[in-house]
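J.: Dropping a prediction and its sequence here:
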Amino acid sequence: MPTRTPDDEAPGAPAIPSFASLRSPHRRSALDALVSGSAAEPDPTPVPAPEPPVPAAPRPAEYADLLHFGARVARSAADASWRLARWSAGAPVRCLRRVLGG
């Protein structure tokens, strides 16, 4: 049995593309690769990708912000306790109306 060399097995494989060529907006489509002599040839000059905008850092909290937040929390707590008290006072009345059929 004759030994086979890698050169005898298959034709030369295409080169592996770089990441820059894969991200390029001028890269070839699958149809361009299948159709030889396509009119859409890739642009040989690479186009640099635009840099993303740098987000602005959030400003640190100040005492006025904390005072506003504390006032909102206190208002919500007072509102919740008032609603609970009103519901608790009305529960026996609703139960009594239901029992008496009214």
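T.: Cool, the structure landed. Note that the structure is a prediction, hence the values are computed from the model and not measured. Numbers count the residues shown, from 1 in each chain.
J.: longest helix in this protein, by residue count?
T.: In the chain, assigned by DSSP state H, the helix with the most residues is helix 63-100.
J.: now it: mean pLDDT?
T.: Mean pLDDT, computed over helix 63-100, is 92.
J.: Could you count how many residues lie near Asp32?
T.: 14 (other Cβ atoms under 10 Å). C-betas here are computed from N, CA, C, even on glycine.
J.: distance of it from Pro14?
T.: Remark: distance between Asp32 and Pro14 (Cβ to Cβ, to the nearest Å) = 14 Å.
J.: Likewise for Arg75?
T.: Following Cβ to Cβ, the distance that separates Arg75 from Pro14 is 69 Å.
J.: try Ala20
T.: For Ala20 relative to Pro14 (Cβ to Cβ), the value is 17 Å.
J.: The two: which is more packed in?
T.: Ala20 (12 against 7).
J.: helix or strand for the more buried one, which one?
T.: For Ala20, the host element (DSSP states H and E) is helix 19-23.
J.: Tell me which helix or strand comes right after that helix.
T.: helix 30-34.
J.: Could you check that following helix and say which residues are buried?
T.: Buried residues in helix 30-34, counted by 16 or more other Cβ atoms under 10 Å: none are found.
J.: For that helix, C-alpha coordinates in PDB please.
T.: Coordinates of each C-alpha in helix 30-34 appear next as PDB, following Å, rounded to 0.1, in the frame of the first residue of the first chain:
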ATOM      1  CA  ALA A  30     -21.500  34.400  -0.300                       C
ATOM      2  CA  LEU A  31     -22.800  35.000  -3.800                       C
ATOM      3  CA  ASP A  32     -19.600  36.800  -4.700                       C
ATOM      4  CA  ALA A  33     -17.600  33.900  -3.500                       C
ATOM      5  CA  LEU A  34     -19.700  31.400  -5.600                       C
END
